[in-house]
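Student: No sequence on hand, only this structure:
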């Protein structure tokens with residue numbers, strides 16, 4: 001009698017009994033691997049999100065600090081010499097409480113103020129060591145370094161599956177550098193069309209404190225002289241305030257080797273009154289940089305003074321603060337003069353005495369009144385590029 005085919009043992013059941021336990025071992029190893037992959041996917045993805053929050057916190061604090069690197073009414077440092085390192089550090093540290101990472105308020109950070117080199121990306125903390133002199137590439141900056149770890153801000157980023165392997169947190173770190181500096185170049189539509197002579201700044205600007213010189217009690221008026229007919233006009237001073245001087249005219253200033261300045265069409269040679277009047281409203285048509293030549297208008301341009309007067313402090317106030325190019329020499333109308341800096345001026349009024357016409361102005365006390373877009377790295381005559389992240 002032939003055996004039934006159904007009486008044969010299935011081929012799969014013929015595996016030796018001692019090999020059946022290997023399935024459990026393989027499953028255990030696979031489970032560990034799956035948990036490890038899950039830990040990487042979940043915990044590191046969470047840490048990535050927290051790291052971005054931490055970086056945002058560092059960025060915000062650095063930018064806040066950089067907004068106080070120069071004398072500013074809003075920072076309570078309008079009359080301090082700049083850069084105002086301590087004010088900037090205090091502002092950055094005080095801003096930490098506005099930031100959170102993983103729902104935790106940031107309370108600890110290393111905040112520094114100093115110089116950031118735009119070329120080498122090297123930070124030099126202030127006060128700088130004796131003998132170190134900043135170059136044109138070294139601009140004022142604030143650096144903020146925030147860490148989430150056992151001893152800082154309540155520990156690292158929380159883990160979930162990694163706890164199985166003994167890792168309850170992931171340490172994280174974020175660094176931000178924000179800079180603010182005088183401009184080496186100013187973007188279009190930022191400048192008012194008159195040039196101020198460097199001679200005026202050498203006379204009325206304190207380079208040691210990067211702020212205007214203040215008129216003492218009993219300071220005599222500044223006298224402007226028209227050499228053609230000998231007519232004069234007196235500009236009275238206010239004790240304790242920046243010197244008030246006559247700007248934008250070809251007249252000389254008594255007691256100095258300076259003249260007052262002149263209208264400029266920037267990099268264009270079109271010094272028509274209509275073109276300059278358009279620039280009073282719309283600013284410089286092209287970017288203007290230190291080292292560029294600015295064209296000095298030829299003529300009094302009497303109609304332009306009233307246009308400035310209308311928006312000065314005595315008028316609507318819309319142009320009471322302005323940024324103007326500072327040139328090597330403004331005494332030769334109808335010629336070109338090299339730009340050496342950009343100044344923040346406070347325009348008080350349009351004045352006329354006999355046939356002497358001028359703009360009465362001061363050098364502004366607060367850098368924050370003249371923020372411009374452009375390239376950093378210039379000489380500090382009051383105009384400032386607002387804070388921007390460098391790292």
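Tutor: Yep, that arrived. Everything numeric here is computed off the predicted structure, so don't read it as measured data.
Student: where does the stretch 51-200 of the chain have low pLDDT?
Tutor: For the stretch 51-200 of the chain, the stretches with pLDDT under 70 are 161-162, 165-167.
Student: Can you read off the pLDDT for the residue lying closest to residue 183 once chain neighbours are set aside?
Tutor: In this structure, residue 183 finds its nearest non-sequential neighbour in residue 374, 4.2 Å apart by C-beta to C-beta, 6 or more residues apart in numbering. The C-beta positions use only the backbone N, C-alpha and C, and glycine is treated the same way. Here, the pLDDT recorded for residue 374 equals 93.
Student: Would you check how far apart residue 374 and residue 187 are?
Tutor: Distance, residue 374 to residue 187, by C-beta to C-beta, to the nearest Å: 5 Å.
Student: Number of residues surrounding the residue nearest to residue 183?
Tutor: The burial count assigned to residue 374 is 23, neighbours taken as other C-beta atoms under 10 Å.
Student: Repeat that for the one 3 residues further on.
Tutor: By other C-beta under 10 Å, the residues close to residue 377 number 21.
Student: Might you report the residue contacts of the closest residue to it other than its chain neighbours?
Tutor: The shortest distance from residue 377 to any non-neighbouring residue, by C-beta to C-beta, 6+ apart, is to residue 184 (4.0 Å). Counting by C-beta atoms under 8 Å, 6 or more residues apart in numbering, residue 184 makes contact with 136, 289, 290, 374, 375, 376, 377, 378.
Student: Under a three-state scheme, what state does residue 184 occupy?
Tutor: strand (DSSP: H, G, I helix; E, B strand; the rest coil).
Student: burial count for residue 334?
Tutor: 12.
Student: Would you confirm that it contacts residue 265?
Tutor: No - the criterion here is C-beta atoms under 8 Å, and residue 334 misses it with residue 265 at 11.2 Å.
Student: Spit out the residues that contact these two alike.
Tutor: What both residue 334 and residue 265 touch, as defined by C-beta under 8 Å, 6+ apart, is the set 271, 297.
Student: bridging residues for the residue nearest to residue 183?
Tutor: Beta bridges link residue 374 to residue 186, judged by DSSP bridges.
Student: Which single one of the contacts of residue 184 is nearest to residue 180?
Tutor: Nearest to residue 180 among the contacts of residue 184, counting by C-beta to C-beta, is residue 376 at 7.7 Å.
Student: Look up how far residue 88 lies from the closest one.
Tutor: 15 Å.
Student: Those two - which one has more neighbours?
Tutor: A direct count of neighbours by other C-beta under 10 Å for residue 376 and residue 88 places residue 88 higher, at 32 against 22.
Student: Assumed that one was part of a helix.
Tutor: Yes - per three-state DSSP, residue 88 lies within a helix segment.
Student: I'd assumed residue 72 was in contact with it.
Tutor: No - under the criterion of C-beta under 8 Å, residue 88 is not in contact with residue 72, lying 10.0 Å apart.
Student: Now do the residue lying closest to residue 136 once chain neighbours are set aside, the pLDDT please.
Tutor: Distances taken as C-beta to C-beta, 6+ apart place residue 377 nearest to residue 136, at 5.1 Å, with adjacent residues excluded. For residue 377, the pLDDT comes out at 89.
Student: One more: residue 37?
Tutor: As predicted, residue 37 sits at a pLDDT of 55.
Student: who's in contact with the nearest residue to residue 191 once chain neighbours are set aside?
Tutor: Setting aside the residues directly before and after it, residue 191 is nearest to residue 284 in space (C-beta to C-beta, 6+ apart), at 4.3 Å. Contacts for residue 284 (C-beta under 8 Å, 6+ apart) come out as 186, 188, 189, 190, 191, 193, 266, 267.
Student: ok, now with 7 Å
Tutor: Contacts for residue 284 were tallied using C-beta atoms under 7 Å, 6 or more residues apart in numbering; they are 186, 188, 189, 190, 191, 266.
Student: In the helix or strand in which residue 202 is found, which residues are buried?
Tutor: Residue 202 is located in helix 198-204, with elements delineated by DSSP states H and E. For helix 198-204, a neighbour-count test (16 or more other C-beta atoms under 10 Å) marks 198, 199, 200, 201, 203, 204 as buried.
Student: swap in stretch 84-103?
Tutor: Of the residues in stretch 84-103, those buried (16+ other C-beta under 10 Å) are 84-85, 87-93, 95-96, 99, 101-102.
Student: List just the nearest of these to residue 230.
Tutor: residue 84 (45.6 Å).
Student: can you tell me how far the closest residue to the closest one other than its chain neighbours sits from residue 349?
Tutor: Spatially, and ignoring its direct neighbours in sequence, residue 84 is nearest to residue 77 (4.5 Å; C-beta to C-beta, 6+ apart). Relative to residue 349, residue 77 is positioned 28 Å away (C-beta to C-beta).
Student: between the two, who's got more neighbours?
Tutor: The residue with more neighbours, out of residue 77 and residue 349, is residue 77; 23 against 16, by other C-beta under 10 Å.
Student: Enumerate every residue touching the more buried one.
Tutor: By C-beta under 7 Å, 6+ apart, the neighbours of residue 77 are 68, 71, 84, 87.
Student: Show me the helices in the stretch 251-391 of the chain, by range?
Tutor: 273-282, 302-311 (DSSP state H, counting those that start in this stretch).
Student: same for the first one, what does it pack against?
Tutor: In other words, helix 273-282. In terms of contacts (3 or more C-beta pairs under 7 Å, 6 or more residues apart in numbering; DSSP states H and E), helix 273-282 is packed against helix 302-311.
Student: Repeat the analysis, applying 10 Å as the threshold.
Tutor: strand 194-197, strand 259-263, helix 302-311 (3 or more C-beta pairs under 10 Å, 6 or more residues apart in numbering; DSSP states H and E).
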